[in-house]
Structures are given as C-alpha cells and as structure tokens.
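Participant: structural data only, the sequence is not supplied:
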C-alpha cells in the first residue's frame, strides 16, 4: 500500500441529545463521512487519500469537524456539499478551503 499524500480524519462523535458540548453526529457527520468515502472510491483515490473516522477532535461547537494532515488543517461545520470542494481544492490542489477553516483560537 503506498503512503497517502493526505490523511483525512472525520469526527463521528456521538453524545446524548442535550449534552452541553454537542457532537458532530448532531451536525451530519455520517453524511460527511459517507460522502468522503464515496468520492474517494468513485475517483479511485485510495493511493492518494486515506480517510479515518474518529472520536472527538475538540471543537464540538464547530461540528462536523474534519482534520487534514500532514498540514494540520481543521475544518468546521462541514456538510456533505463541502466534501468535493475539500477534495478538489485541498486534497488534490494543495490549497486549503479558507471559508471552512476553524478560527485559529481553536489551537490555543
């Protein structure tokens, strides 16, 4: 298996309804994850892009959260409609999608 150029982590954290932190499951994370998987398969990008579902990535108020390495770019409020833009512009084009990036204070 070749080393992927990018590794995408999609938060699929589930918390009980009404939990004070919320969770990405309340913001459509399953749709986002399934759309990433479908597009990677449809485009045959398995040798370029790895995708992993994960638990909480931290910024629950910005769910659905998506983290892309090696750059360490965190996206928030991602919808299934954003997936192709992330793939085209960032994962294949090496240009992060600025409008989807979480604020810098997330990392402090």
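Facilitator: Structure received. Because the structure is predicted, anything quoted here is derived from the model rather than measured. Residues are numbered from 1 along each chain as shown.
Participant: residue contacts, residue 74?
Facilitator: If you count contacts by C-beta atoms under 8 Å, 6 or more residues apart in numbering, residue 74 has them with 57, 59, 65, 66, 67, 68, 101, 102, 106, 107. All C-beta atoms are positioned from the backbone trio N, CA, C, and that covers glycine.
Participant: with pLDDT and distance to residue 77 added, can I get these in CSV?
Facilitator: Below are the contacts of residue 74 laid out as CSV (pLDDT from 0 to 100; distance: C-beta to C-beta, whole Å):
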residue, pLDDT, distance to residue 77
57, 81, 13
59, 77, 10
65, 89, 9
66, 96, 10
67, 96, 14
68, 97, 15
101, 96, 10
102, 93, 8
106, 79, 12
107, 73, 17
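Participant: residue 58 reaches residue 106, doesn't it?
Facilitator: Yes - shown here, residue 58 and residue 106 form a contact pair, counting by C-beta atoms under 8 Å, at 6.8 Å.
Participant: on that earlier part again, return the subset of the contacts of residue 74 lying in strands.
Facilitator: If you go by DSSP state E, the contacts of residue 74 have 66, 67, 68 in strands.
Participant: highest neighbour count among those?
Facilitator: Neighbour counts for the ones in strands among the contacts of residue 74 were taken using other C-beta atoms under 10 Å; the highest belongs to residue 66, with 30 neighbours.
Participant: in the chain, which residue is closest to the centre?
Facilitator: By C-alpha atoms, centre = their mean, the chain has its centre lying nearest to residue 66, at 2.2 Å.
Participant: ok, so what distance separates it from residue 90?
Facilitator: 10 Å (C-beta to C-beta, to the nearest Å).
Participant: point out where this structure drops to low pLDDT.
Facilitator: 13-16, 18-28 (pLDDT under 70).
Participant: where exactly do the helices run in it?
Facilitator: Read by DSSP state H, the chain holds these helices, from start to end of the chain: 29-42, 83-85.
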